[in-house]
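1. show me the folded form of this:
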Amino acid sequence: MTDIKIENIIAYAQIADSFNIEKLSEMIPDFLYNPDEFSGATFKIKEPKTAVLILDNGKAICTGAKTIEDAEKSIKKVINKIRLTGVTVNTKPQLITQNIIAHIDVNKELHLSSISTGLLLENVSYKPEEFPGLVYQMDDLGVVILLFSSGKIVCTGAKNIEDASKALEMMKEKLSSIGAL
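-> Residues are numbered from 1 along each chain as shown. Have a look, this model is predicted:
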């Protein structure tokens, strides 16, 4: 199996029924709140290096995590910060993974125009004047694969690491079957 590198895990948890974001950001100076730019508050965490968005609907969305554990830790840090203000929060929310972005590098230049015709799939889009990569919809796994001429293959839209890994491995096999690898 190919070693994949996780670039970003986006996950969320319902940590309350709702929040008054303005009041919450006044009580917690670490929460960045600029309603002209974004209606939620942002909490940047140094370790693990992530950002958590706190929304008025009670959701906390973690972005930038490299592992599910890092996303869980980040959400827990937000919960603890909010709890210290006396605001009621769910201390054991279910974490839901929204999107995993992962990649592999095949260490070989990919000829995208040849690949786009070689795959002969309706799920392929290659428009180099609009986007520098080939886009392949892998509907069976619900992910999108991006191929770049540099040899990088990116998977986005996976809900778990196993699906991301499987999708990247399947793409590698497809490329091998048409002689691109």
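
2. contacts and neighbour counts: CA atoms only from here.
-> Fine.

3. tell me what the strand or helix carrying I82 is packed against?
-> Taking DSSP states H and E as the definition, one finds I82 inside helix 68-83. Where contact means 3 or more CA pairs under 8 Å, 6 or more residues apart in numbering; DSSP states H and E, helix 68-83 is packed against strand 5-14, strand 50-54, strand 59-65.

4. what helices or strands is the second one leaning on?
-> Strand 50-54 is packed against strand 41-45, strand 59-65, helix 68-83, with contacts defined by 3+ CA pairs under 8 Å, 6+ apart.

5. next one: the last one
-> With contacts defined as 3+ CA pairs under 8 Å, 6+ apart, strand 59-65 has these neighbours: strand 5-14, strand 50-54, helix 68-83.

6. which residues are contacting the first one?
-> Contacts with strand 5-14, where a contact means CA atoms under 8 Å, 6 or more residues apart in numbering, come from 58-68, 71, 75, 90, 93-104.

7. any of those residues buried? List them.
-> 58-68, 71, 75, 93, 95-104 (16 or more other CA atoms under 10 Å).

8. on contacts alone, who are the packing partners of the least confident helix or strand in the chain by mean pLDDT?
-> Least confident helix or strand of the chain, by mean pLDDT, DSSP states H and E, is helix 112-119 with a mean of 82. If you count contacts as 3+ CA pairs under 8 Å, 6+ apart, helix 112-119 packs onto strand 124-126, strand 133-138.

9. return the set of buried residues in it.
-> 112, 115-116.

10. sorry, back to before: save the helices and strands packed on strand 50-54 as JSON lines, and put in distance to K159 and mean pLDDT too.
-> Below are those laid out as JSON lines (distance: least, CA to CA, whole Å; pLDDT from 0 to 100):
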{"stretch": "strand 41-45", "distance to K159": "23", "mean pLDDT": "96"}
{"stretch": "strand 59-65", "distance to K159": "14", "mean pLDDT": "97"}
{"stretch": "helix 68-83", "distance to K159": "11", "mean pLDDT": "96"}
